[in-house]
Structure formats: structure tokens, C-alpha cells
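> With the sequence up front, the predicted model follows.
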Amino acid sequence: MGKRGPAAKPTALRVLHGDRADRINADEPEPPEDEVRCPDWASDDARAIWQRLAPGLEDRGVLTPWDVDAFLVLCEALARYRSATQLVNGSALLVQGGSGLMKNPALQVQAEAERTFLQFAARFGLTPSDRQSIKVEVGRDGNKGGAERLLS
């Protein structure tokens, strides 16, 4: 079972809002500013998805070197979903099995990949409903972020 209640407010936002000092994690770990690279062991389809999605997430500070493995799971799940969808579209929903007609096994692969993708996509704000709950400071591309934006 996951965490209950609303998502925690980012530390930078807590400071900006003037939350009590004992409620602010002064020792929150911060990922390094290293380059984010797709792992060598990624499939070709996942690598193509990575190249399409990663630059925008990295520019906004959502994708960091610590998030590489989780983001690759997302890319692989979407690649699997795409492959399963092509299989389903190219065949019937029901196929001949050992004991007669049965549901096409590609439907199960498709559903599992969809669940995995949506679960990880929420972490990166890749769906409209999830985006509204993520707060990022825009500043890497020259736009003002954080307190500068609010105080100008």
C-alpha cells in the first residue's frame, strides 16, 4: 500500500512559504548536476522513447541522474505497450488455445505494460492529472524560478 494523503511539499517551497524550521528537512539529498544518459542496456525502442521525452524533463529538473533507472523502466514499459498493441492490432482478440478460444495473451502484456507506464509516468508528471501536482522551478533556460519569480 502506498503513502496516504497529499504528496509532500518540496523543501524549496516549504522555505519560500515560511514553514516552521523543524518541519523543513535541511539535510535533504540533492542529485548531482551530472549529465543524464540513457543506459547502454536499453532496448532500441526504449532508447527512441528516451530521446523523445528525456530532454524536456531534464530541462525542467524533473529527470536527474538519480532517476535514470526509474525513467528507463517507464521507457521500456511504453516500448512493450507499443509492441503488444501492434500484436493485438495485427491479430484477433480471441485466439485458438488448448481448450478452445481464449483471450489473446498479447492483451495481458499490453495491460501490464500500460499499468507500469502509468505508474511511472505519474512520478515524472507525464499525464495531465499528474502534472498539476508537481511543482518545478523553471530557471535552467533563463526563466526566473522560485523566489525570484514571485518577488519580481
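Yep, that arrived.

> Please give the number of neighbouring residues around L72.
21 (other Cβ atoms under 10 Å). (Each C-beta comes from the backbone N, C-alpha and C, glycine too.)

> How much space separates it from K9?
L72 sits 28 Å away from K9, going by Cβ to Cβ, to the nearest Å.

> One more: D59?
Distance from D59 to K9, by Cβ to Cβ: 23 Å.

> Okay, now the unreliable bits of the chain?
Within the chain, the ranges that satisfy pLDDT under 70 run 1-3, 7, 133-152.

> mind listing the helices for the chain?
If DSSP state H is used as the criterion, the helices of the chain fall at 11-17, 44-59, 68-89, 105-124, 128-131, 146-151.

> which of these is buried the deepest?
For these, the largest average neighbour count (mean count of other Cβ atoms under 10 Å) is found in helix 68-89, namely a mean of 18.

> Contacts for that helix next, please.
36-39, 42-43, 45-50, 53-54, 57, 63, 104, 106-107, 109-110, 113-114, 116-117, 120-121, 123-124, 126 (Cβ atoms under 8 Å, 6 or more residues apart in numbering).

> L63: what's it in contact with?
V36, A54, L57, F71, F124.

> Using JSON lines, lay out the residues you listed together with distance to Y81.
Conversion of the contacts of L63 to JSON lines gives the following (distance: Cβ to Cβ, whole Å):
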{"residue": "V36", "distance to Y81": "23"}
{"residue": "A54", "distance to Y81": "18"}
{"residue": "L57", "distance to Y81": "19"}
{"residue": "F71", "distance to Y81": "16"}
{"residue": "F124", "distance to Y81": "16"}
